[in-house]
Each structure stands twice: as C-alpha cells, then as structure tokens.
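Participant: just the structure for this:
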Amino acid sequence: MKTFDLSLYLVTDRSLSLGRPLEFIVDEAVKGGVTMVQLREKDCDSREFYELGIRLKSLLAPLNIPLIINDRLDIALAIDADGLHVGQSDLPWQVARSILGKDKILGLSVETMEQAREANALDVDYIGISPVFATATKTDTFQPFGLEGLKAACALSKHPTVAIGGIKQENAAQIIAHGANGIAVVSAISMAENPMKAAEVLKQTIKKI
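Facilitator: Here you go, the predicted structure:
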C-alpha cells in the first residue's frame, strides 16, 4: 500500500544550492523534517540524473522518505524510485501509470481550476497546485492561483494536494490554513544558509495549523 506525507516536500534544484552537493542539501533537509523529496534537475544529462537518483535513493530509503522523480519515467524505473511527478506537458499520466504500475506514487501538476477539476477523474495519487505565488524558479506556468484560488482548488480536489510556487516561512502557514495538505519548496531550503534549520522552521510553522 502506498503511504506518503506531503506536508513538507522538497523539490531539488542544484543551481540554487549555493555550490553545495545535492546530497548535503537533501540530507540536511530530511534531518529538519522534510517528508518527501522530488529530484527535479532540468540541466542534467541522463547519466548524471541516474547517478543522482541512485545516491538520493540510498540516502532516503532507510528513512522511509519517498523519492519522486520529476518527468523522467525512465530514470524512475531504472532506480526503482517511489514514484513519478508529471506536468501537463510531460508524459501523459495514463502512460506513466500503465508503466509504473499501481504500487508507485504518481503526482500531477495542475495550473488551472479546470485542470484541478479534471484531475478528480484521474488515477493519480496527489496533485501539485502550481504556482500559488509567482516564483523565479518556475517561469513556464499560468497565472498564480493566489490564496483564494488555492483554497478553491483544494476544496474541489478529491486527491491530496501540495502547493508550490513562492512558498517560504512567512506564508507557509497560510497555505495550510487555505486547505493544502502540504507545501513544496525549492529555494526556501536549498538557498538557506542552514538547510536543516530552514526545514525545521517550516515544519514547526505548518504544524501550528
């Protein structure tokens, strides 16, 4: 049975890690309370992506923290990752599900209310509501949902929801208060001087709701 906790979801980006190894960022983040990790590296060839995935899996598997691969179904299969996350312009979710099987986690990004509504009929395990706020780390998205749009999308969704886009310590509590099951962050942890402390603060902030 698939079990996962979306509450504090780290999405990787080596370009924001201030020159530190990705394994360091992820290790510190999980020590601080991160509950899921998505390997999302857009400027990465297949061999490097595979090797990163292998190293992260060896780090996360003993901790029972799911490793999700962004977009690359081949890498997810090659390293036997816990799941895959796809966007609206990535591999169709039906194809991903048919190849992954029922036992793997499948996440889907939604960028409009209509996509959130359509996702209710899909065999996915969670939806990523993107973006809530404008963000420099993801520029190929639709108009931000904002807090009220997030609230409406979460109320509409039959799937667990994780919000992403411009989320930081100052607004994390609002995200949970508006209905999301979790927050997905990139720079709020990766760019922090102390990634473990940043994760701890985010974790405590959302636990207060």
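Participant: what pLDDT, on average, does the lengthiest helix in the chain get?
Facilitator: In the chain, taking DSSP state H as the definition, the longest helix is helix 46-60. Mean per-residue pLDDT for helix 46-60: 98.
Participant: hey, where'd the strands end up in this protein?
Facilitator: 8-11, 36-39, 67-70, 83-86, 105-110, 126-129, 161-164, 182-185 (DSSP state E).
Participant: which strands or helices does the last one pack on?
Facilitator: Strand 182-185 sits against strand 8-11, strand 161-164, helix 169-177, helix 195-207, with contacts defined as 3 or more CB pairs under 8 Å, 6 or more residues apart in numbering; DSSP states H and E. No exception for glycine: its C-beta is placed from N, CA and C like everyone else's.
Participant: so which of those is nearest F24?
Facilitator: Closest to F24 of the helices and strands packed on strand 182-185 is helix 195-207 (CB to CB; 7.8 Å).
Participant: could you export that closest one as PDB, CA atoms only?
Facilitator: Extracted as PDB, the C-alpha positions of helix 195-207 are listed here (Å, rounded to 0.1, in the frame of the first residue of the first chain):
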ATOM      1  CA  PRO A 195      19.000  23.900   5.200                       C
ATOM      2  CA  MET A 196      18.300  21.700   8.300                       C
ATOM      3  CA  LYS A 197      17.200  24.700  10.300                       C
ATOM      4  CA  ALA A 198      15.200  26.100   7.400                       C
ATOM      5  CA  ALA A 199      13.300  22.800   7.200                       C
ATOM      6  CA  GLU A 200      12.800  22.700  11.000                       C
ATOM      7  CA  VAL A 201      11.300  26.200  11.000                       C
ATOM      8  CA  LEU A 202       9.000  25.400   8.100                       C
ATOM      9  CA  LYS A 203       7.900  22.200   9.800                       C
ATOM     10  CA  GLN A 204       7.100  23.900  13.000                       C
ATOM     11  CA  THR A 205       5.300  26.700  11.100                       C
ATOM     12  CA  ILE A 206       2.900  24.300   9.300                       C
ATOM     13  CA  LYS A 207       2.400  22.100  12.400                       C
END
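Participant: so for that helix, what gets flagged as buried?
Facilitator: Across helix 195-207, burial judged by 16 or more other CB atoms under 10 Å covers 195-196, 198-203, 205-206.
Participant: what residues does it touch?
Facilitator: Here helix 195-207 makes contact (CB atoms under 8 Å, 6 or more residues apart in numbering) with 7-8, 10, 24-25, 28-34, 169, 172-173, 175-176, 182-183, 185, 188-189, 192.
Participant: please redo it, this time with the cut-off set to 10 Å
Facilitator: Contact partners of helix 195-207, identified using CB atoms under 10 Å, 6 or more residues apart in numbering, comprise 7-8, 10, 17-18, 20, 24-35, 167-177, 180, 182-183, 185, 187-192, 194.
Participant: dump the residue contacts of the spatially closest residue to S187 that is not a sequence neighbour.
Facilitator: Distances taken as CB to CB, 6 or more residues apart in numbering place L16 nearest to S187, at 5.2 Å, with adjacent residues excluded. Shown in contact with L16 (CB under 10 Å, 6+ apart): 25, 136-137, 186-192.
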